[in-house]
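Participant: Below is the structure, and that's it, no one-letter string:
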Ligand code: CMC
C-alpha cells in the first residue's frame with residue numbers, strides 16, 4: 001500500500017498510548033488501572049471507579065469524600081436547560097436529546113471550556129460526571145410527561161439517579177438497595193473500555209482542540225449505533241422477538257446465513273475472542289435482581305438457552321463469538337423499570353467517565369497531535385470540467 005498502512009476499521013492500529021484500561025481479548029481479561037473488573041464490580045462503587053479512571057489510583061477516605069463533594073456540588077443543570085428539553089418532541093429518542101443537551105453544555109459553562117487550563121479541564125470533568133444522571137433522568141421525565149426532579153445530594157450517585165428517574169414530587173421515593181446495587185454495577189461495567197469506537201471519537205474530536213462538552217456529545221452520537229452502545233436496546237428487543245426457547249434455532253440459523261443481515265445482538269466483540277468478563281458478571285446479576293424483585297421474565301430463560309445453543313454451535317465456536325456486555329444488561333434494566341429507549345442513554349451516562357478520563361489523558365500528553373487518518377484513493381484520475389450544456 002505504499003506510504004500508508006491500509007487498516008480499515010482499525011483492526012491492527014494503536015492510535016495512542018494509554019495507562020487507563022487493559023484488555024486481553026483472548027483470555028477475557030479487563031483491568032482498569034490494573035484492577036480486575038470483577039473485583040471492581042463486586043467491591044467498589046461507580047463514583048470510586050470514576051475517581052480511579054480519572055486519577056490513576058483508588059482514593060483514600062479523605063480523597064473519596066472530597067471527590068464526592070466535588071461531584072455532588074455540580075449535579076444541578078442550568079435552569080434554562082429545561083427550556084431546551086421542551087423544544088424536543090415528547091417521543092424523541094433519549095439519545096437524540098442527550099446528543100443535543102450535552103453538546104449545549106458548552107454554551108452554558110464558559111468557565112470550563114478552556115482546554116489549555118488544567119483547572120478548567122478538571123471542572124469540566126466533574127461537571128460532566130455530575131450532570132449526566134440529571135440530563136439522562138430529565139430525558140426520561142420529558143418522554144413520560146412528568147416534572148423534572150432536582151437532584152438530592154444526600155443520596156448515592158446511583159440512588160440519586162434512580163430517584164430523579166422514577167420519583168415524583170407527590171410522594172417520597174424509596175430506593176430498593178438491590179436495584180441501586182445492580183444499577184451501580186452496570187455503571188461500573190460500562191465505565192471504560194479502552195479505544196472503542198465512541199472513545200476514539202471523543203479522542204479524535206478532542207485532538208482538534210474542541211471543548212470537552214462538544215467531545216462527549218460526539219462520543220454519545222457514536223455510541224448510539226446498534227453495533228456499539230445501541231446493542232443493549234437491540235439485544236433485548238431481539239430476545240423479546242424470539243419470545244420462547246423453541247424459536248431459537250430459527251434465529252441462530254438466520255444469524256449464520258450470509259445473505260441475511262441479521263446478527264445475534266449482544267454477541268461478538270472486536271477485541272474479546274473469549275467470554276466478555278462483563279457479561280459474566282451481568283449474567284449472574286440478572287438472576288439475582290429478578291429473583292429479589294420477584295420478577296419471572298421468560299426473556300432470561302430465552303437468553304440462557306440462546307447462549308447455550310450458540311456456544312455449542314460450530315459457527316459461533318469458529319468465529320469465537322461470545323455474549324458481550326449488552327447481552328444481559330437489558331434484562332436487568334428492564335426489570336428495574338427502564339424502557340428500552342433509555343438503555344443506551346444509561347450506557348452513555350456511565351461511559352462519560354471513561355471518555356473524560358481518556359480525553360484528560362490525551363490533553364496531558366505533550367506529544368499529542370491532531371488525529372488525521374489518510375486514505376487509499378480509488379476514484380478518478382485528473383479530468384477536465386465539462387460545462388452543463390455539453391454534458392450528455
Ligand atoms: N451474529 C452473527 N454473526 C456475527 C456476529 C453476530 N453477533 N458478530 C460477528 N459475526 C460474524 C460476522 O458475520 C463475520 O463473519 P465472516 O467472517 O464470515 O464475514 C465475523 O463474525 C466477524 O465479524 P465482524 O463484523 O467482521 O467483526 P467486528 O470485530 O468488525 O465486529 C461487532 C464486532 C461487535 C460489531 C459484531 O460482533 C456485531 O455486530 N455484534 C452484534 C452487535 C453487538 O452486540 N454490539 C455490541 C458490542 S459490545 C458493547 C459495545 O462495544 O458497545
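Facilitator: Alright, I've got the coordinates. In this text the structure is predicted, and so the values were computed from the model without any measurement.

Participant: Residue 381 - how many residues pack around it?
Facilitator: Look at residue 381: counted by other C-beta atoms under 10 Å, it has 5 neighbours. Backbone N, C-alpha and C define where each C-beta goes, glycine included.

Participant: What of residue 200?
Facilitator: Residue 200 has 18 neighbours, counted by other C-beta under 10 Å.

Participant: Next, the contact list for it, please.
Facilitator: Applying C-beta atoms under 8 Å, 6 or more residues apart in numbering to residue 200 gives the contacts 10, 15.

Participant: That one should be in a helix, yeah?
Facilitator: Yes. Residue 200 forms part of a helix when assessed by DSSP: H, G, I helix; E, B strand; the rest coil.

Participant: Give me the local confidence score for it.
Facilitator: pLDDT recorded at residue 200 is 98.

Participant: Then residue 392?
Facilitator: Note for residue 392: predicted pLDDT of 89.

Participant: Residue 244 too?
Facilitator: At residue 244, the pLDDT value in this model is 88.

Participant: go on, residue 298?
Facilitator: Confidence at residue 298, expressed as pLDDT, is 89.

Participant: Could you tell me how far it is located from residue 246?
Facilitator: Distance, residue 298 to residue 246, using C-beta to C-beta, to the nearest Å: 12 Å.

Participant: who's more crowded, the two?
Facilitator: Remark: of residue 298 and residue 246, residue 298 carries more neighbours, 13 against 10, as counted by other C-beta under 10 Å.

Participant: Name the nearest residue to the more buried one, ignoring sequence neighbours.
Facilitator: Nearest residue to residue 298, sequence neighbours excluded (C-beta to C-beta, 6 or more residues apart in numbering): residue 244, at 6.7 Å.

Participant: what about the one you found, how many residues close to it?
Facilitator: 11.

Participant: what's in contact with stretch 364-382?
Facilitator: Contact with stretch 364-382 is made by 1, 3, 4, 6, 15, 16, 17, 203, 204, 207, 208, 362, as judged by C-beta under 8 Å, 6+ apart.

Participant: in stretch 215-232, what counts as buried?
Facilitator: 215-224, 226, 228-232 (16 or more other C-beta atoms under 10 Å).

Participant: So which of these would count as near the ligand as well?
Facilitator: Filtering the buried residues of stretch 215-232 for neighbours of the ligand using C-beta under 6 Å from any ligand atom leaves 228, 229, 231.

Participant: Which ones among those residues lie within strands?
Facilitator: If you go by DSSP state E, these have nothing in strands.

Participant: Next, the contact list for residue 193, please.
Facilitator: 21, 23, 30, 199, 351, 354.

Participant: Recalculate using a threshold of 7 Å.
Facilitator: Residues counted as contacts of residue 193 (C-beta atoms under 7 Å, 6 or more residues apart in numbering) are 21, 354.

Participant: Which single residue in the stretch 1-150 of the chain comes nearest to the ligand?
Facilitator: Using C-beta to the nearest ligand atom, residue 9 is the residue of the stretch 1-150 of the chain that sits closest to the ligand, at 5.9 Å.

Participant: Distance-wise, check that residue relative to residue 264.
Facilitator: Separation of residue 9 from residue 264 (C-beta to C-beta) stands at 20 Å.

Participant: okay, these two: which has more neighbours?
Facilitator: With neighbours defined as other C-beta under 10 Å, residue 9 and residue 264 compare such that residue 264 has more, 23 against 8.

Participant: you'd agree residue 264 is up against residue 255?
Facilitator: Yes. Counting by C-beta atoms under 7 Å, residue 255 is a contact partner of residue 264 at 4.6 Å.

Participant: For the residue in the stretch 251-392 of the chain that the ligand sits nearest to, list the residues it contacts.
Facilitator: Ranked by C-beta to the nearest ligand atom, the top residue of the stretch 251-392 of the chain for proximity to the ligand is residue 268, at 2.4 Å. For residue 268, the contacting residues are 321, 324, by C-beta under 7 Å, 6+ apart.

Participant: ok, back up a step: just the ones of the buried residues of stretch 215-232 in helices?
Facilitator: Among those, the residues falling in helices (DSSP state H) are 215, 216, 217, 218, 219, 220, 221, 222, 223, 231, 232.

Participant: and of the residues you listed, the nearest to the ligand?
Facilitator: Using C-beta to the nearest ligand atom, residue 231 comes nearest to the ligand of these, at 3.4 Å.

Participant: so what pLDDT did that closest one get?
Facilitator: For residue 231, the pLDDT comes out at 92.

Participant: How about it, nearest residue that isn't a chain neighbour?
Facilitator: Leaving aside its sequence neighbours, residue 231 sits nearest to residue 326 (C-beta to C-beta, 6+ apart; 4.1 Å).

Participant: Could I get the full set of strands for the stretch 1-150 of the chain?
Facilitator: For the stretch 1-150 of the chain, the strands defined by DSSP state E, counting those that start in this stretch occupy 21-24, 29-32, 35-36.

Participant: circling back to that earlier point, wouldn't the residue nearest to residue 231 be in contact with residue 266 here?
Facilitator: Yes. Using C-beta under 7 Å, residue 326 is in contact with residue 266, at 4.5 Å.

Participant: which residues are common contacts for those two?
Facilitator: Counting by C-beta under 7 Å, 6+ apart, the contacts common to residue 326 and residue 266 are 231, 235.

Participant: okay, these two: which has more neighbours?
Facilitator: Counted by other C-beta under 10 Å, residue 326 and residue 266 do not tie: residue 326 has more neighbours, with 29 against 26.

Participant: how about the nearest residue in space to residue 325 that is not next to it in sequence, secondary structure?
Facilitator: Excluding the flanking residues, the one nearest residue 325 by C-beta to C-beta, 6+ apart is residue 278, at 4.0 Å. Here residue 278 is recorded as helix under three-state DSSP.

Participant: Share the number of residues neighbouring the residue in the stretch 51-200 of the chain that the ligand sits nearest to, please.
Facilitator: Distance from the ligand to each residue of the stretch 51-200 of the chain (C-beta to the nearest ligand atom) is smallest for residue 196, at 5.1 Å. Using other C-beta under 10 Å, the number of residues around residue 196 comes to 24.
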